[in-house]
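J.: A predicted structure for the sequence below; I have some questions about it.
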Amino acid sequence: VTFVQKFPTRIKSVFISSRGTVFVSTKGAVYRGSKVGGAFLKTLDLASPESWIRHNNAMTETPDGTLIMGEYGNVWNGSGWKNLAHLYFSSDDGATWDRSDFLIGQGANKHVHVVKYSRLFNKVFVADGDNKKKLWVSDGGDPFDPKNPGWKAVNRFHIQMGGHTSAVESDGKVLFGTD
């Protein structure tokens with residue numbers, strides 16, 4: 001065991017890209033480092049110091065190397081939930097990130113539960129975690145175009161007391177879990 005780095009808050013998730021870059025999410029930030037060791041540097045400040053990227057559910061990579069992640073958090077601002085339903089895209093292995101507020105523009109009012117690339121469909125699925133809890137799918141396209149993913153709603157709303165909180169692709173099927 002080799003100590004690599006201490007982070008300012010608890011680690012919330014870890015993701016390793018196809019190029020071997022390691023991403024660590026803590027509250028408020030995402031750090032980028034190499035799996036062969038060395039320092040992790042902050043690559044992104046999230047919209048709130050209390051938000052993060054969910055483990056095993058909210059970061060994915062398309063075949064062309066585009067990284068996509070969704071912000072999660074439960075932050076009450078005194079009169080309502082702080083809207084953290086941001087999607088982040090990187091086409092340079094996480095060195096820089098662009099933010100999309102598409103979900104906010106569609107009425108999502110809280111955060112992102114799932115961001116998952118499906119090899120079976122060659123599309124990206126996104127589930128928001130607001131009061132309606134919609135599931136979205138990109139229009140596909142090769143390579144994935146983060147500036148114009150062509151999001152389409154799969155459902156009008158999910159059950160009111162839950163939403164899709166996980167996704168897995170196995171045996172020719174895409175399965176979504178709910179809380």
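T.: Received, thanks.
J.: Mind jotting down where the helices sit in the protein?
T.: Taking DSSP state H as the test, the helices found in the chain are 102-105.
J.: Poorly predicted segments of it, please.
T.: Scanning the chain with the threshold set as pLDDT under 70 gives 1-2, 35-37, 131, 156-162.
J.: Could you count how many residues lie near residue 9?
T.: 13 (other CB atoms under 10 Å). (Glycine included, C-beta is placed from N, CA and C.)
J.: who's in contact with it?
T.: 26-28 (CB atoms under 8 Å, 6 or more residues apart in numbering).
J.: hmm, 6 Å instead?
T.: Counting by CB atoms under 6 Å, 6 or more residues apart in numbering, residue 9 touches 26-27.
J.: Residue 120 now?
T.: residue 169.
J.: mind checking how far it is from residue 112?
T.: 21 Å (CB to CB, to the nearest Å).
J.: same deal with residue 140?
T.: Taking CB to CB, one finds residue 140 at 20 Å from residue 112.
J.: And the two? Which one has more around it.
T.: Just comparing residue 140 and residue 112: by other CB under 10 Å the higher neighbour count belongs to residue 112, 27 against 14.
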